[in-house]
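Chemist: After the sequence you'll find the predicted model.
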Amino acid sequence: MSTVSPRDLALPPNLVSLARLPLAALFPIVATQPALALTVLCCAGLTDVLDGWLARRLDQVTPTGAIVDPIADKVFALTVVGTLLEGGALPLWGIPALLARELLELPLALWIAVSRRFQGTRLSTASANIPGKLATVVQFAAVFAAIALPSTLPAMLAASAIAGAAAGVSYWARQLRRVPGAA
């Protein structure tokens, strides 16, 4: 089991990931001001791209980063969704639409955690792929719509659900190919 290393926590890619935490705290404060809310959203998106790029570029991909990055992602995402829901900018049905990928990944992660069949394999859902990146872009666009273009929100939430489902299915397929003895 991987643990968080204080030394690795101070590496530039992990510090960039951690920058999403104060951005998450800032988002509810600026959510009623679209320009500021979108600025915070863009900064968080930039940190999400930059942390992975830095980790690969600086050869600083670590187990700590594999833990910190998705936690920072989820904290920021949950804060944004909760804030938009509370402010009435996001309908209740928008939650599963925005979280389709995560809803599909959760049973996979639980299955892997408890199944003997997956012993000796590692969960590969943390590494990005094209459907996962597309789902992230469409989720970002849906949140943008909730803030700045509410008339497009239903269509963007539908697109987010479709892209998220495609990403979730691709993660399942990729992980199942890694099962020992599977063809």
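Modeler: Thanks, I have the structure now.

Chemist: From here on, just use CA atoms for contacts and neighbour counts.
Modeler: Fine.

Chemist: Would you mind giving me the confidence score for Leu123?
Modeler: Looking at Leu123, its pLDDT stands at 46.

Chemist: residues in contact with Phe27?
Modeler: Ala37, Val40, Leu41, Thr79, Val80, Thr83 (C-alpha atoms under 8 Å, 6 or more residues apart in numbering).

Chemist: can you do 10 Å?
Modeler: Each residue near Phe27 by C-alpha atoms under 10 Å, 6 or more residues apart in numbering is listed here: 33, 36-41, 44, 76, 79-80, 83-84.

Chemist: what about it, which SS state?
Modeler: helix (DSSP: H, G, I helix; E, B strand; the rest coil).

Chemist: heads up, I number from 13, so please use that
Modeler: Noted, 13 is the first residue going forward, which turns the last one into Phe39.

Chemist: Which members of the contacts of Phe39 are the farthest-apart pair?
Modeler: Gln45 and Phe88 (17.7 Å; C-alpha to C-alpha).

Chemist: With neighbour numbers in mind, choose between these two.
Modeler: Higher neighbour count among Gln45 and Phe88: Phe88, with 22 against 14, using other C-alpha atoms under 10 Å.

Chemist: Next, find the distance separating the closest residue to the more buried one other than its chain neighbours from Val87.
Modeler: Among residues not flanking Phe88 along the chain, Ala36 sits closest, at 4.7 Å (C-alpha to C-alpha, 6 or more residues apart in numbering). From Ala36 across to Val87, the span is 7 Å (C-alpha to C-alpha, to the nearest Å).
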